[in-house]
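In: Have a look; sequence and predicted model below, questions after that.
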Amino acid sequence: MTILNNDFLAVTLANQDGLTPFQFVFPSGTGFVENTGVLRLEPTQETSISLVLSVGIHGNETGPIELVNQLVTSILEGRVSLSVRLLVLIGNPVAANQAIRFCDVNLNRLFSGAWQNYDGFEAQRAQCLEKAVGDFYSMVNNETTQTRLHYDLHTAIRGSMHEKFVVYPFVEDGIYNHQQLAFLAASGIEAVLLSHQSTTTFSYYSYAVHGAHAFTVELGKVHHFGENDLSAFADLEKSLVLLLEEGTLAQASLSDIHIFTVLDSLIKDDESYELSIESDVKNFTQFEQGYRLAYSEKSEYIVQKTGDAIVFPNTNLPVGQRAGLMVRPISLEELQLD
Ligand SMILES: O=C(O)CCC(=O)N[C@@H](CCC(=O)O)C(=O)O
Ligand SMILES: [Zn+2]
């Protein structure tokens, strides 16, 4: 059995509720469809890199799904020769089929075991994806010498002052990986958010539980399937092809990258919670010190310093969830790099 037309996305969407696992060969290795949206590609040649590319954790974020599906097709058809271990995850096929962010609950809040507190499709899916990643990283002879990578590709609900940016998971020692940041810079990433606390996101899970270099990567704005301009991802595509073919992390100077430290998570603490911003405000919009940015019957959030900015503002979510991140620009010199 093979992947029909080498189109992993089509097979995934046509089998959103499950499929019988199967394996197949392709020009540079062996492939295993382990579950719906779970594809493991093992290269014939020895490698010390295990790379996870996850897309569609939010079902309506279709651009990265199309990009990665194209890369998979190129590998299966022999136009890209695979030299690293690769796990491709299409996160939420049920939501993707309905062109929605999620069905019951935001999948990207359910990792590191948080799924145990919920019911429904996304809870099962988070468990399945955690297992896929854990099995993938441990299923090698040379486990201790493997470099574990995980790029969790998303697109944002809003426009953004910096179109492409990453969330760097909270690192306790405050030391950031220079090689990874240089890879992200080479991939067209314009800004980096340094998380201030542990979370239940997918990238934090891979970092904290499996010691991977893991990032949430935001690649622009949400569009429907077929409406994405994939040329906007050209830099990332080029660095991913280099990584897939040669196991090399493309490198660029960090001098143009904007670094932000995350100050606070804005939490929707009541049904009355509101943000004092226009509906079309872009990510990274800055505010004046003293501005009352959020308020509810229980609390208010006053901007601490002129230039502090908001990312991911969204109040269309249940009480208790994150309604935005407050970030502050810092200089590259303030960053501790390894
Ligand atoms: O545009 C938005 O408001 C959300 C885009 C998105 O899905 N972002 C991720 C970020 C995850 C992280 O903080 O690492 C999310 O909210 O899950
Ligand atoms: Zn997303």
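Out: Done, it's in. Ligands and ions are numbered 1, 2, ... in the order given.
In: switch to C-alpha atoms for all contacts and neighbour counts from now on
Out: Fine.
In: On the three-state scheme, the residue of the stretch 1-150 of the chain found nearest ligand 2 is what?
Out: Residue of the stretch 1-150 of the chain nearest ligand 2, by CA to the ion: residue 58 (4.9 Å). The three-state label given to residue 58 by DSSP: H, G, I helix; E, B strand; the rest coil is coil.
In: My guess is it contacts residue 93. True?
Out: No - counting by CA atoms under 8 Å, residue 93 is not a contact partner of residue 58; they are 9.0 Å apart.
In: circling back to that earlier point, tell me how many other residues crowd the residue of the stretch 1-150 of the chain closest to ligand 2.
Out: Residue 58 has 26 neighbouring residues, counting by other CA atoms under 10 Å.
In: what's near enough to touch the residue nearest to it when sequence neighbours are not counted?
Out: Setting aside the residues directly before and after it, residue 58 is nearest to residue 101 in space (CA to CA, 6 or more residues apart in numbering), at 4.6 Å. Applying CA atoms under 8 Å, 6 or more residues apart in numbering, we find residue 101 in contact with 58-61, 95.
In: Out of those, which is nearest to residue 300?
Out: Closest approach to residue 300 among the contacts of residue 101 (CA to CA): residue 58, at 29.2 Å.
In: By neighbour count, which bits of stretch 329-338 are buried? Give me those.
Out: Within stretch 329-338, the residues that count as buried by 16 or more other CA atoms under 10 Å are 329, 335.
In: That stretch: end-to-end distance?
Out: Stretch 329-338 has an end-to-end distance of 20 Å (CA to CA, to the nearest Å).
In: contacts for it?
Out: Stretch 329-338 is contacted from outside by 174-178, 254-255, 258-261, 307-308, using CA under 8 Å, 6+ apart.
In: And for the one residue in the stretch 201-338 of the chain that gets nearest to ligand 1, nearest residue in space, chain neighbours not counted?
Out: Nearest residue of the stretch 201-338 of the chain to ligand 1 (CA to the nearest ligand atom) works out as residue 312 at 3.6 Å. With sequence-adjacent residues excluded and distances taken as CA to CA, 6+ apart, residue 312 is closest to residue 324, at 4.8 Å.
In: Give me the secondary structure label for the one you found.
Out: Assignment for residue 324 (three-state DSSP): strand.
In: and whichever residue of the stretch 51-200 of the chain sits closest to ligand 2, what are its bridge partners?
Out: Residue of the stretch 51-200 of the chain nearest ligand 2, by CA to the ion: residue 154 (4.4 Å). Using DSSP bridges, the bridge partners assigned to residue 154 are residue 218.
In: from now on call the first residue 16
Out: New numbering, starting at 16: the last item is residue 169.
In: What helix or strand is the residue nearest the centre of the chain located in?
Out: Residue closest to the average C-alpha location in the chain (CA atoms, centre = their mean): residue 167, at 2.3 Å. Using DSSP states H and E, residue 167 sits within strand 162-171.
In: could you point out which element follows that strand?
Out: Downstream of strand 162-171, the next assigned helix or strand under DSSP H and E is strand 180-183.
In: Quick one: distance of that next one to the chain centre.
Out: 9 Å (CA atoms, centre = their mean, to the nearest Å).
In: Name the residues of the stretch 116-265 of the chain found near ligand 2, please.
Out: residue 169 (CA under 5 Å from the ion).
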